[in-house]
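Q: whatever this is, show me its structure:
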Amino acid sequence: MSLKLKTATLGCKVNQYETELVREGLLNAGYQDAQDRQPADLCVVNTCTVTAEGDAKSRQVIRKLARGNPQARIVVMGCYATRAPAELWRLPGVVEVVTDKRELPDLLGRFGVVEMPRGVSGLSDRHRAYVKVQDGCLLNCSFCIIPQVRPHMVSRPPHEILAEVQGLVERGYREIVLTGIHLGHYGVDFNKRLPKRRWTRLSHLVDRLAELPGDFRLRLSSIEATEVTHELIAVMANHAGRVCPHLHVSMQSGSDAVLRRMRRRWGSRRYVDRCQMFRQRLDQAAITTDIIVGFPGETEDDFGATCRVAREVGFSKIHIFPFSARRGTPAAEMPGQLPKSVKQQRARHLAEVEAELRDDYFRGLLGRRLQVLVEGTSRRDAESLTGTSCRYAPVDLPAGTATAGEFVTVTAASTAHGRIRGQEGERRAQ
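A: Next comes the predicted model:
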């Protein structure tokens, strides 16, 4: 009888991809996914350590798996495993803690895996797939622990990524999201000691992927402002029907004083200039971002600058994070730590700004035709379908317009409750 497997993932898209890679390796070795209440023989937990809350959730998941699968061997991997392996070894059921992902092939060999897959064949989401193209970050922002746990800059060979994406498209995935720990540094490790004219950049990879056959679209995950280059924008504009007109450009703050304490690589003016350059080349492009509120020493004037820059850019979505001191980072020891009440108040105010900007952006799309990937029945209305537009706007549309996994072109008719209502338009077959 085949051994049963359960996996659990905390954290980012890269973690989701890496868990799937391990899962497929184990399935190829003869394991089978355990069903809902079926006990597993092996559990793999991919942890997150971005915040202390991520650590706590990782421990909770491990303890829950140990209780529900008392005979299981538990393997723990991910960023928390790299940062504090001793803490995880003490948890029930844990038999392996992977402190360096480069050890995974040897470790999984002890569980019967002869060869690690070179890519994934799918994910739990039936229509959207994440493809990891790069790992590692060297930026050392003062609030972030990730460069300590993922310090090795590694880019995957283009031919390997092209083959993986082609396979995913052939298996019916309609949106491919390129992801990495520092996506904009794709190719940096290839370029050492090469003349600049021979460098490999993210723009080159996107250009080659956009030329692949099939009915699919590409989306880029988070990128830094300095990596929104003329070359990348030109590729996105040249493949406007294939590459989503959307970038997630991490800002973190609109105050130059705060950005310096964060050890970010640009000031607010440069950030705005890059966003405007992107908007000028692409039609109604969407820009989303991350912002930390209540960073140590952030004054009311600093926070006001963040709100002003957010309005100047015109974000369609802001991920808002009240500052959480991460042990082991310089920001955790900085003077001027703000009380929780101040951080919460600023988060609420920024959420109001975000709602205003989102509604403004969505109203600007009214009357426009939007390509929507249909994802299923709306939770808000059983008589409607829901999906995501190429511009990353959530869209509701009439039931019967299409089925999950199809592209449909709809006209944006109205907006309410942070969503767009679409009218039936041109349907594209799978």
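
Q: care to break this structure down by domain?
A: 4-109, 128-364, 369-428 (automatic domain parsing).

Q: and the last one, how far out from the chain's middle?
A: Just to be clear, that refers to domain 369-428. 22 Å (CA atoms, centre = their mean, to the nearest Å).

Q: same question for the longest one.
A: Put simply, domain 128-364 sits 9 Å off its chain's centre (CA atoms, centre = their mean).

Q: and it, what's its mean pLDDT?
A: Regarding domain 128-364, the rounded mean pLDDT is 95.

Q: also the last one?
A: Per-residue confidence for domain 369-428 averages out to 88 on the pLDDT scale.

Q: with the first one instead?
A: For domain 4-109, mean pLDDT is 94.

Q: can you give me the end-to-end span of that domain?
A: 17 Å (CA to CA, to the nearest Å).

Q: got it, and the second one?
A: The first and final residues of domain 128-364 sit 26 Å from each other (CA to CA).

Q: in PDB, please show the C-alpha coordinates belonging to stretch 28-37.
A: Taking C-alpha atoms only, stretch 28-37 is exported to PDB below (Å, rounded to 0.1, in the frame of the first residue of the first chain):
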ATOM      1  CA  ASN A  28       6.900  10.400  -8.400                       C
ATOM      2  CA  ALA A  29       8.500   8.200  -5.800                       C
ATOM      3  CA  GLY A  30       5.300   6.400  -5.000                       C
ATOM      4  CA  TYR A  31       3.600   8.500  -2.300                       C
ATOM      5  CA  GLN A  32      -0.100   9.400  -2.600                       C
ATOM      6  CA  ASP A  33      -1.900  12.500  -1.200                       C
ATOM      7  CA  ALA A  34      -3.800  11.700   2.000                       C
ATOM      8  CA  GLN A  35      -7.500  12.400   1.700                       C
ATOM      9  CA  ASP A  36      -9.300  14.700   4.100                       C
ATOM     10  CA  ARG A  37      -9.200  12.700   7.300                       C
END
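
Q: in that stretch, which residues are buried?
A: 29, 31, 34 (16 or more other CB atoms under 10 Å). Backbone N, C-alpha and C define where each C-beta goes, glycine included.

Q: before we move on, what about stretch 228-237?
A: The neighbour-count check on stretch 228-237 (16+ other CB under 10 Å) flags 228-229, 232-233, 235-237 as buried.

Q: for the domains of the chain, which one sits closest to residue 120?
A: domain 4-109 (4.7 Å; CB to CB).

Q: dump the buried residues of stretch 28-37 into CSV; add secondary structure and distance to residue 338 as well.
A: Conversion of these to CSV gives the following (DSSP: H, G, I helix; E, B strand; the rest coil; distance: CB to CB, whole Å):
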residue, secondary structure, distance to residue 338
29, coil, 50
31, coil, 48
34, coil, 45
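
Q: out of the residues you listed, who's nearest residue 314?
A: Among the buried residues of stretch 28-37, and counting by CB to CB, the member closest to residue 314 is residue 34, at 46.7 Å.

Q: doesn't residue 360 lie inside a helix?
A: Yes - under DSSP: H, G, I helix; E, B strand; the rest coil, residue 360 falls within a helix.

Q: next one: the residue nearest to it when sequence neighbours are not counted from residue 390, what distance?
A: Take residue 360 and drop its neighbours on the chain: the residue closest to it by CB to CB, 6 or more residues apart in numbering is residue 314, 6.8 Å away. Separation of residue 314 from residue 390 (CB to CB, to the nearest Å) stands at 18 Å.

Q: ok, the two, which is more surrounded?
A: residue 390 (23 against 16; other CB atoms under 10 Å).

Q: the more buried one is in contact with residue 241, isn't it?
A: No - in this structure residue 390 lies outside contact range of residue 241 using CB atoms under 8 Å: 9.2 Å.

Q: may I have the phi/psi pair for the spatially closest residue to residue 102 that is not a sequence neighbour?
A: The shortest distance from residue 102 to any residue other than its chain neighbours is 7.7 Å, reached at residue 152 (CB to CB, 6+ apart). Backbone torsions for residue 152, taken as degrees, to the nearest 10, come to phi -90, psi 110.

Q: list the residues that contact residue 152.
A: 102, 135-136 (CB atoms under 8 Å, 6 or more residues apart in numbering).

Q: what do you get for residue 385?
A: Applying CB under 8 Å, 6+ apart, the residues near residue 385 are 374-378, 396-399, 401-402, 404.

Q: drop anything exposed from the residues you listed.
A: Buried, going by 16+ other CB under 10 Å: 374-375, 378, 396-397, 401-402, out of the contacts of residue 385.

Q: let me know the closest of the residues you listed to residue 60.
A: For the buried ones among the contacts of residue 385, the nearest to residue 60 is residue 375 (28.5 Å; CB to CB).

Q: all helices of the stretch 1-150 of the chain, in order?
A: Taking DSSP state H, counting those that start in this stretch as the criterion, the stretch 1-150 of the chain contains helices spanning 13-28, 52-68, 79-83, 85-89, 104-109, 146-149.

Q: select, out of those, the one closest to residue 303.
A: helix 52-68 (22.8 Å).

Q: and that closest one, what does it pack against?
A: strand 4-9, strand 42-47, strand 73-78, helix 79-83, helix 85-89 (3 or more CB pairs under 8 Å, 6 or more residues apart in numbering; DSSP states H and E).

Q: what lies in contact with it?
A: 6, 8, 10-11, 39-40, 43, 45, 47-49, 72, 74, 76, 78, 80, 84, 87-88, 91-94, 324, 326-327.

Q: please indicate which of those residues are buried?
A: With burial judged by 16+ other CB under 10 Å, the buried subset of the contacts of helix 52-68 is 6, 8, 10-11, 40, 43, 45, 47-49, 72, 74, 76, 78, 80, 84, 88, 91, 93-94, 324, 326.

Q: so which of the helices of the stretch 1-150 of the chain is nearest residue 179?
A: Proximity to residue 179, assessed across those by CB to CB, is greatest for helix 13-28 (4.4 Å).
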